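J.: structural data only, the sequence is not supplied:
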């Protein structure tokens, strides 16, 4: 059986869902996405490689079959596991200004996933070292996506994939350029995947920012022990109805300019290393 030959591995809160949706409209592509992913953190609901491959059984006629999971970029063992599974796979990574990524992720983890307990972004950053220390005592004490500054270490994460797959098989997209000209980026991705460029999708936004009207209700819905979310997803139209009731789209509050400047200065050495590694210009993040 043909194995997946494409993995969209991240970054989280950086447009990977939109790219997946655009690619899935192409007649030669099928991209799977569900939760943690088989090659990421912790135990997957998928129990074996055979079970994983069976997810793609009906799409063997597609030129590109793959998976999107934004855990795979940050998870330190994912690149090696994917390489061992599919040595010739192509990798796509979308990178967003790391400060914007952290800020957006904090909002998502607090309001949508409800695993973040600290509402203030700056306070959550201050407590990160304490959380890291507690993680050494209990590796499962915190969700990996609340270590925001770790997730902003783009250089380390991307170097793992280049070391395993080679630069030629790793496509890195700058989100801000993707948003500005989605068709241009989309066509570049098709070229990278050696796909016909006749099909062009509607470039709608996916995973817009939302804030629950009632966070306790959202927390209850997301609680895995009740499996309520899985149940609701099986009923057509229920997800959209719930969003309209409790999850309206919401403009994100602009990050304090002094905090933004401080974080960018802190991350600047990492961005410089990243630029040299990829031979790409990330100067637009300075503004």
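T.: Looks like it arrived, so ask away. On a predicted model such as this, the values are computed, not experimentally measured, just so you know.
J.: checking the closest residue in space to residue 101 that isn't next to it in sequence next. Helix, strand or coil?
T.: In this structure, residue 101 finds its nearest non-sequential neighbour in residue 13, 5.5 Å apart by CB to CB, 6 or more residues apart in numbering. (C-beta placed from N, C-alpha, C; glycine too.) Under DSSP: H, G, I helix; E, B strand; the rest coil, the three-state class of residue 13 is coil.
J.: can you name the element that comes right after the helix or strand of the chain with the lowest mean pLDDT?
T.: In the chain, the helix or strand scored least confidently by mean pLDDT, DSSP states H and E is helix 228-233, which has a mean of 64. On the C-terminal side of helix 228-233, the nearest following helix or strand under DSSP states H and E is helix 238-246.
J.: just the buried residues of that following helix, please?
T.: Neighbour-count burial for helix 238-246, with 16 or more other CB atoms under 10 Å as criterion, is recorded at 242, 246.
J.: distance between it and the chain's centre?
T.: With CA atoms, centre = their mean, to the nearest Å as the basis, helix 238-246 stands 23 Å off its chain's centre.
J.: so which elements touch it?
T.: helix 215-222, helix 228-233 (3 or more CB pairs under 8 Å, 6 or more residues apart in numbering; DSSP states H and E).
J.: what lies in contact with the following helix or strand past that helix?
T.: Following helix 238-246 in sequence order, the next helix or strand is helix 257-278 (DSSP H and E). Residues from elsewhere that reach helix 257-278 (CB atoms under 8 Å, 6 or more residues apart in numbering): 98-99, 102, 121-122, 125, 152-155, 158-159, 162, 167, 172, 280-282, 285-286.
J.: this protein: strands as residue ranges?
T.: Taking DSSP state E, the strands of the chain run over residues 6-10, 29-32, 64-68, 90-95, 170-174.
J.: to residue 137, which of these lies closest?
T.: Of all the strands of the chain, strand 6-10 sits nearest to residue 137, with 27.3 Å by CB to CB.
J.: tell me which other helices or strands the closest one touches.
T.: Using 3+ CB pairs under 8 Å, 6+ apart as the contact test, the elements touching strand 6-10 are helix 16-24, strand 64-68, helix 71-74, helix 78-85, strand 90-95.
J.: for residue 217, which non-adjacent residue is spatially closest?
T.: In space, and not counting its chain neighbours, residue 217 is closest to residue 246: 5.6 Å by CB to CB, 6+ apart.
J.: returning to that earlier point: pick the most deeply packed of the strands of the chain.
T.: strand 6-10 (a mean of 27; mean count of other CB atoms under 10 Å).
J.: just give the strands next to it in its sheet, each with its orientation.
T.: If you go by DSSP bridges, strand 6-10 pairs up with strand 64-68 (parallel), strand 90-95 (parallel).
J.: with mean pLDDT and distance to residue 34 added, can I get these in TSV?
T.: Listed next are the strands paired with strand 6-10 as TSV, based on pLDDT from 0 to 100; distance: least, CB to CB, whole Å:
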stretch	mean pLDDT	distance to residue 34
strand 64-68	98	9
strand 90-95	98	18
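J.: let's have those in CSV, adding distance to residue 77.
T.: Output for these, formatted as CSV (distance: least, CB to CB, whole Å):
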stretch, distance to residue 77
strand 64-68, 16
strand 90-95, 15
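J.: circling back: quick one: which of the strands of the chain is nearest residue 109?
T.: Of all the strands of the chain, strand 6-10 comes closest under CB to CB, at 15.1 Å.
J.: do me a favour and average the pLDDT over that closest one.
T.: What strand 6-10 shows for mean pLDDT is 97.
J.: what's the angle from it to helix 78-85?
T.: 170 degrees (axes from the mean of the first three to the mean of the last three CA atoms, to 10 degrees).
J.: so which of the strands of the chain gets nearest residue 117?
T.: Nearest of the strands of the chain (CB to CB): strand 6-10, 23.9 Å.
J.: ok, residues contacting the closest one?
T.: Contact partners of strand 6-10, identified using CB under 8 Å, 6+ apart, comprise 16, 19-20, 31, 64-74, 78-79, 82, 86, 89-94, 157, 161, 193.
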